[in-house]
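In: Could you work out the structure for the sequence below:
(chains A and B)
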Amino acid sequence: MKTLAITLVQVAFYIALARGADWLVGRLHLPIPGSIAGIAILFVSLKLGIVKLAWIERGASWLLGEMLLFFIPAAVGIVNYRSLVANSGWQIALTIVLSTAAVMACSGWIGERIAARRKEEAKEC
Amino acid sequence: MLSAAMWLLVTVVVYAAAKRIYRRYPKIYLTPLLVTPVVLIALLECSGVSFGTYDRGAGLLSDLVEPATIALAVTLYKHIDVLRKHAVAIAVGAGCGGVAAIVTSVCLARWFGLQPAVTDSLAPRSATTPIAISISRLIGGIPTVTAVATLITGLLGLVMGPLIVKGLRMQSPIGRGVLFGTSAHSAGISKALEYDPVTGSVASVAMMFTAFVTLCAAPWILSFLP
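Out: This is a model prediction of the structure:
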């Protein structure tokens, strides 16, 4: 019961922070989403010790752990795009498959190369 | 009003059940990310309820997307040492991957003759869903199409990621982590954690980095591609 209350309060903190970040981005006319501003604000606050990890950690693990749930209504929204799926569904699917394969091969291969080279350098030293 | 609140409850229950089933039978086609929307769409179809009614209740869940995104700052804070140690590999790998995602999806989508709004919706697909949706809105895409495309990308990460790791004979947790985090956001992280914790934290950092790269590069690349 106590754990639940703590988690709820911490989740409320994130909701408040999200509203605050949205307000700030709108007020300053920044060309970035409020979520990015929120991440930056929270990260800096943690680094500077203004916010302690223990105060907000449980809320974060709940929000991140159940993240999938929050996208479900958006995914269900595809019912409003029936004709798009009927007319160009396979083109969209193929674009996603081929592009994702390219991203994987490219990022994985480059990451692997650089990591391997750094390892060799470390051995030589 | 009553029925709107009911749909919120139904969504949570179906999701909880799907999660339970997946824990018992961890098959890719049983992932809650796929099963929950399919079941809910079937329920809406059968009961003849419009998406508008559904979304009035269940849409409250969407309001938690932004707070959840901000919670990623905690992930970043916890894994900052991994980031510092492998900054170059993660930054270059995720940077190239993020740019490749935008360029290949825009080129392929145009080649297939998709409408501009759909092309713009597919471009930010590799970023984590909430950020992909924000970017989509910024560049003139359709947020729902982006949400679904990002979801499919995550599923593909689970299916194709391990095949590519094998195909490229990738040995290091760094390369694998960058691959999963860059290509398949949070779904990729969950897969990366199945290898080992280092792969998981590299994937987390790579996902954050990809989100930033996509945010900065997407509007710019789209304005350059004729």
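In: Chain B - how does it break down into domains?
Out: Following automatic domain parsing, chain B resolves into domains at B:2-63, B:72-224.
In: Which stretch among the ones you listed is buried most, on average?
Out: Most buried of those, by mean neighbour count (mean count of other CB atoms under 10 Å in any protein chain shown): domain B:72-224, with a mean of 23. For every residue, glycine as well, the C-beta is placed using N, CA and C.
In: end-to-end on it?
Out: This stretch, domain B:72-224, spans 31 Å end to end (CA to CA, to the nearest Å).
In: how far out from the middle of the chain is that domain?
Out: Put simply, domain B:72-224 sits 7 Å off its chain's centre (CA atoms, centre = their mean, to the nearest Å).
In: Could you export the domains of chain B to a markdown table, including columns for mean pLDDT and distance to A:Ile39?
Out: Putting the domains of chain B into a markdown table (pLDDT from 0 to 100; distance: least, CB to CB, whole Å) gives the following:
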| stretch | mean pLDDT | distance to A:Ile39 |
| --- | --- | --- |
| domain B:2-63 | 91 | 17 |
| domain B:72-224 | 89 | 4 |
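In: closest to chain A out of those?
Out: When the domains of chain B are compared by CB to the nearest CB, domain B:72-224 sits nearest chain A, at 2.9 Å.
In: Can you give the contact residues for the worst-scoring helix or strand of chain A on mean pLDDT?
Out: Lowest by mean pLDDT, DSSP states H and E among the helices and strands of chain A is helix A:67-76, with a mean of 86. Residues outside helix A:67-76 that contact it (CB atoms under 8 Å, 6 or more residues apart in numbering or on different chains): B:11-12, B:15, B:32-33, B:36-37, B:40-41, B:44, B:51, B:54-55, B:58-59, B:61-62, B:64-65, B:68, B:129, B:133, B:143-144, B:147-148, B:151, B:186.
In: near chain A too, which of the residues you listed?
Out: B:11-12, B:15, B:32-33, B:36-37, B:40-41, B:44, B:51, B:54-55, B:58-59, B:61-62, B:64-65, B:68, B:129, B:133, B:143-144, B:147-148, B:151, B:186 (CB under 8 Å from any CB of the partner chain).
In: Which of these fall within helices?
Out: The helices, defined by DSSP state H, take in B:11-12, B:15, B:32-33, B:36-37, B:40-41, B:44, B:51, B:54-55, B:58-59, B:61-62, B:65, B:68, B:129, B:133, B:143-144, B:147-148, B:151, B:186 from the ones next to chain A among the contacts of helix A:67-76.
In: ok, A:Val51 touching A:Val44?
Out: No - using CB atoms under 8 Å, A:Val51 makes no contact with A:Val44, being 9.4 Å away.
In: Quick check: which element contains B:Ala127?
Out: B:Ala127 belongs to no helix or strand when assigned by DSSP states H and E.
In: contacting residues for it?
Out: Contacts of B:Ala127 (CB under 8 Å, 6+ apart): B:Gly98, B:Ile135, B:Thr150, B:His185, B:Thr210, B:Ala211, B:Thr214, B:Leu215.
In: Hmm, B:Pro124 and the first one touching each other?
Out: No - under the criterion of CB under 8 Å, B:Gly98 makes no contact with B:Pro124, lying 9.5 Å away.
In: so where do the helices sit in chain B?
Out: Using DSSP H, helices in chain B cover B:2-24, B:32-47, B:51-62, B:65-70, B:72-78, B:80-85, B:87-111, B:116-122, B:129-139, B:143-167, B:173-195, B:197-224.
In: my bad, chain A
Out: In order along the chain, chain A carries the following helices (DSSP H): A:2-28, A:34-48, A:53-65, A:67-76, A:82-124.
In: Any chance of those helices in JSON lines with mean neighbour count and distance to B:Arg84 as columns?
Out: Shown next, in JSON lines, are the helices of chain A (neighbours: other CB atoms under 10 Å in any protein chain shown; distance: least, CB to CB, whole Å):
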{"stretch": "helix A:2-28", "mean neighbour count": "15", "distance to B:Arg84": "25"}
{"stretch": "helix A:34-48", "mean neighbour count": "19", "distance to B:Arg84": "13"}
{"stretch": "helix A:53-65", "mean neighbour count": "17", "distance to B:Arg84": "18"}
{"stretch": "helix A:67-76", "mean neighbour count": "24", "distance to B:Arg84": "26"}
{"stretch": "helix A:82-124", "mean neighbour count": "18", "distance to B:Arg84": "13"}
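In: Ok, which of those comes nearest B:Arg24?
Out: Between B:Arg24 and the helices of chain A, the tightest spacing by CB to CB is seen for helix A:67-76, at 17.3 Å.
In: Taking helix A:53-65 as reference, get the angle to the closest one.
Out: 40 degrees (axes from the mean of the first three to the mean of the last three CA atoms, to 10 degrees).
In: Just the C-alphas of helix A:67-76, formatted as PDB.
Out: Extracted C-alpha coordinates of helix A:67-76, given in PDB (Å, rounded to 0.1, in the frame of the first residue of the first chain):
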ATOM      1  CA  MET A  67       5.400   2.400 -21.400                       C
ATOM      2  CA  LEU A  68       3.800   0.000 -24.000                       C
ATOM      3  CA  LEU A  69       0.400   0.500 -22.400                       C
ATOM      4  CA  PHE A  70       0.500   4.200 -23.100                       C
ATOM      5  CA  PHE A  71       0.900   3.600 -26.900                       C
ATOM      6  CA  ILE A  72      -2.000   1.200 -27.200                       C
ATOM      7  CA  PRO A  73      -4.700   3.900 -27.900                       C
ATOM      8  CA  ALA A  74      -2.500   5.500 -30.600                       C
ATOM      9  CA  ALA A  75      -2.000   2.000 -32.200                       C
ATOM     10  CA  VAL A  76      -5.700   1.400 -32.100                       C
END
